[in-house]
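>>> Output the structure for:
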Amino acid sequence: MLEPRDEWIKKRAYAIWEEEGHPSGRDAEHWAQASSERIALEKTVANGSAIDIKPKAKRKTAVAAAAVAEEKSAKPAKKTPKKAVAPKV
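Model prediction:
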């Protein structure tokens, strides 16, 4: 099982990868960046200014957001039935 530190780095590296638009072949760079961010965080905590920084939450990518918007626009609006009006006699 991964240690909490490695888990944090893994999640942060994934977030960086997503933020950069899912480039291939940059995993080592993302891991190194996340690792250096974690080291900086640990130094901050060691200096007494403890703040709990979590990896950025997953966000919808531009492609996923566009797909959701397209799906919403493709659905026809719900029609509400009109009330029947009795003819005047």
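>>> helices or strands next to the longest helix seen in the chain in the packing?
Looking across the chain with DSSP state H, the single longest helix is helix 27-46. Counting contacts by 3 or more Cβ pairs under 8 Å, 6 or more residues apart in numbering; DSSP states H and E, helix 27-46 packs against helix 4-19. Quick note: C-beta positions are derived from backbone N, CA and C, even for glycine.
>>> Count residues in the vicinity of Asn47, would you?
8 (other Cβ atoms under 10 Å).
>>> how much space is there between it and Pro4?
20 Å (Cβ to Cβ, to the nearest Å).
>>> can you check Leu41 too?
Relative to Pro4, and taking Cβ to Cβ, Leu41 is found at 12 Å.
>>> Compare those two (neighbour count), which wins?
Per other Cβ under 10 Å, whichever of Leu41 and Pro4 has more neighbours is Leu41, with 17 against 8.
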